[in-house]
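> what's the 3D shape of this:
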Amino acid sequence: MLVHVFAFCLVTGRAFGAAETALWMWKRTFSTLMLALAVGACKAPALGAPSIVGIGDVRVVAVHTIPSADAGAGLAAGGLTYVLAKVELTNGTPRDFTPDVGRFFLTGAQSRRYQGIDSGSSVFVGVSNSHRMLKMGDARDYTVGFRTADPIITGTISYEP
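From the prediction side, this is the model:
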C-alpha cells in the first residue's frame, strides 16, 4: 500500500491518480490551439488598405504602400510613404506618343496631387519602365511611385499627356 501511494507514471511524471487531470489538460490545450487557428484563418481586410483607382486611360493593376525613412521638405524624418502602383496605360488619343512617368498624377483627399516618379529612392530598385512610343489603341504596363505624407491614402491615378 505504501508503494501505491508514492508511485509515479513514467510518461507524465505525475502520481497515478492524476492521470485524468493530465488528460483534461491536454484536451483543453488542444481546444485552445484549434480555436486560435480558426480565428487566425478568418482573413479580415487590412485597416490601412489603400483604395486607389485609375481614371481615363489608366487602369490600376496593383498598389503597394511602403513606409520610408526618407525625409521630405517640411516633414520630420520618416514621415514619407511611397505608393507604388502598377498601372496599365492605354493610348486613347488620336496620335502616337511617348509616355512619361512624370505625367502620372495621384489625386488624393482634398484634391492634393502627387506627381509620378520612378527613381530617387531605394524603393525603386528593380523598377524599369519602357520609353518607347505608344501607338494609338495600344496598352502598356508601368510601375509608378508617388511620395506622400499620408500613410493611408485614397484617390485616383490619371495620366495627363
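> Show me how this protein divides into domains.
2-41, 52-159 (automatic domain parsing).
> Would you tell me which one of those is buried the most?
Each of the domains of the chain was assessed for mean neighbour count using mean count of other C-beta atoms under 10 Å. The highest is domain 52-159, with a mean of 15. Where you see a C-beta, it was placed from the backbone N, CA and C, and this is true even at glycine.
> Not counting sequence-adjacent ones, nearest residue to residue 54?
Spatially, and ignoring its direct neighbours in sequence, residue 54 is nearest to residue 60 (4.4 Å; C-beta to C-beta, 6 or more residues apart in numbering).
> Report the mean per-residue pLDDT for the host helix or strand of residue 66.
Taking DSSP states H and E as the definition, residue 66 sits inside strand 58-68. If you average the pLDDT over strand 58-68, you get 93.
> From the rest of the structure, what touches that strand?
Contact partners of strand 58-68, identified using C-beta atoms under 8 Å, 6 or more residues apart in numbering, comprise 48, 50, 52-54, 78, 80-90, 104, 121, 123, 141, 151-153, 157-159.
> And the following helix or strand past it, what does it pack against?
Using DSSP H and E, the helix or strand that follows strand 58-68 towards the C-terminus is strand 80-90. Judged by 3 or more C-beta pairs under 8 Å, 6 or more residues apart in numbering; DSSP states H and E, the packing partners of strand 80-90 are strand 52-54, strand 58-68, strand 104-107, strand 139-148, strand 155-159.
> Out of those strands, which gets nearest to residue 28?
Within the helices and strands packed on strand 80-90, the stretch nearest residue 28 is strand 58-68; the backing value is 40.7 Å (C-beta to C-beta).
> Okay, now the sheet partners of that closest one, with direction.
strand 80-90 (antiparallel) (DSSP bridges).
> tilt between the partner strand and strand 155-159?
50 degrees (axes from the mean of the first three to the mean of the last three C-alpha atoms, to 10 degrees).
> Need the CA coordinates for strand 80-90. CSV is fine.
Presented in CSV, the C-alpha positions along strand 80-90 are these (Å, rounded to 0.1, in the frame of the first residue of the first chain):
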residue,chain,number,x,y,z
LEU,A,80,7.1,59.8,-46.1
THR,A,81,5.2,56.9,-47.6
TYR,A,82,5.8,55.7,-51.1
VAL,A,83,2.7,54.5,-53.0
LEU,A,84,3.9,52.1,-55.8
ALA,A,85,1.3,51.4,-58.3
LYS,A,86,1.4,49.1,-61.3
VAL,A,87,-0.8,50.7,-63.9
GLU,A,88,-1.9,49.9,-67.4
LEU,A,89,-1.9,53.0,-69.7
THR,A,90,-4.0,52.7,-72.9
